[in-house]
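Colleague: Provided below for reference: sequence and predicted model.
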Amino acid sequence: MKNLKTLLKVVPLLACAYASSAQALVINFNARPDMDARALAGFESAAKRWEAVLHDNVQVNLDIDFADLPDRVIGSTYSESLWMTYGNFRHFLAADAKSWLDKNAVANLPNVQCLSMLMNGTTSNPAGAGSTATFLDQGCENNNRYINVNTANLRALGLIANSDMRSDGAISFSSDFAPVFDFDPTDGIDAGKLDFIGVAAHEIGHALGFSSGVDILDYAMTLNYAAASFPYVSPSDVFRCSPESKAAGAHIDWSADNRNKYFSLDNCTTTLSIFSNGTDHGDGNQASHWKDDRGIGIMDPTAGGGERLAISQMDLQMFDAIGWDVPEPASIALFTLGAAALTGSRRRKQK
């Protein structure tokens, strides 16, 4: 049997009460005709979790199927995305800001056209091409100037109409794991089985915008590309920092190495949570996740047998910050709770 402490992967988990509001988000699925009825119902249940807490009046369209995936990978998500300048992205975030957290996040984003970043690798590194040593990139080339935004996230910002029925991404589940999925979490998750609905909610979270371009840098940092060849800063990356990037005067930390990288609304003056930092050059998990084994939220990188996965306050703070609508009373309370999240106990995962 495969090791059930298994990777949740993105490719380029609702056990808490939230303030009520008119529900508007609708997630539509385009499923293969032969998809298992339990799996389709599981995806629909996972969608309802997000629809209950993200209240934008938008429709998101996702393709879903089962496929052959790499060993130990339960699910994989491909997201459609488009580029816009950082200046425009900041403008649209500000125009869409509704909650206190939104407004605080935007107020602390640098009002510049190009982001300075602490990064590594590439042929632009003064320490040598492909070096893992970090350097301060203060240029205004493609990597500093552009934000790569999932189309679902663009819908939340009001930039793609509901009448536009394009696919916003595709989610594949590993056919190898089908026998060990538990499709009914209401009585708990059976020991040795994986929470299908929770994993589906995790993958939907990637499609909705929880991603990081650092994963692309991590993969290609030694392949002789210049820094300008990496215009993949994501919305969540603009809230990614470290004590080192702050000390260097960088707006973000966009490096692939095993130093701690934090989720912060004020460039690491205060920190809310901690990210994973790279499969190849970091802690072994993709940067498009929270740090593993901290119990931070549904966007953790692994799932354990018998573990029930749930959307957390910290997950919602991130989605609020990148432009999704979380009800105002909840977002204020969530910010207060999140500030102390790193001191909490670690969640045990069954292996």
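Modeller: It's in.
Colleague: could you count how many residues lie near I189?
Modeller: 23 (other C-beta atoms under 10 Å). For the C-beta atoms, the positions are set from N, CA and C on the backbone; glycine is no exception.
Colleague: and it, how far is that from W100?
Modeller: I189 is 35 Å from W100, where distance means C-beta to C-beta, to the nearest Å.
Colleague: what secondary structure does G205 sit in?
Modeller: helix (DSSP: H, G, I helix; E, B strand; the rest coil).
Colleague: got the contact list for the closest residue to it other than its chain neighbours?
Modeller: Take G205 and drop its neighbours on the chain: the residue closest to it by C-beta to C-beta, 6 or more residues apart in numbering is M299, 5.4 Å away. Each residue near M299 by C-beta atoms under 8 Å, 6 or more residues apart in numbering is listed here: 13, 202, 205-206, 210, 289-290, 315, 318.
Colleague: swap in 10 Å and give it another go.
Modeller: Listed by C-beta atoms under 10 Å, 6 or more residues apart in numbering, the contact partners of M299 are 8, 10, 13, 201-202, 205-206, 210-211, 236, 273, 275-276, 288-290, 309, 311-312, 314-315, 318-319.
Colleague: how about the strands in the stretch 201-350 of the chain?
Modeller: All strands of the stretch 201-350 of the chain, identified by DSSP state E, counting those that start in this stretch, fall at 240-241, 252-253, 261-263, 273-275, 302-303.
Colleague: please identify the buried residues of the third one?
Modeller: In this case it means strand 261-263. For strand 261-263, a neighbour-count test (16 or more other C-beta atoms under 10 Å) marks 261-263 as buried.
Colleague: by contact count, what packs against it?
Modeller: With contacts defined as 3 or more C-beta pairs under 10 Å, 6 or more residues apart in numbering; DSSP states H and E, strand 261-263 has these neighbours: strand 240-241, helix 243-248, strand 252-253, strand 273-275, helix 313-321.
Colleague: partners of the third one in the sheet?
Modeller: Here strand 252-253 is paired, per DSSP bridges, with strand 117-119 (parallel).
Colleague: and the next helix or strand past the partner strand?
Modeller: Later in the chain than strand 117-119, the nearest helix or strand by DSSP states H and E is strand 135-137.
Colleague: tell me the mean pLDDT for that next one?
Modeller: Across strand 135-137, pLDDT averages out at 98.
Colleague: which of the residues in that strand are buried?
Modeller: Buried-residue list, strand 135-137, by 16+ other C-beta under 10 Å: 135, 137.
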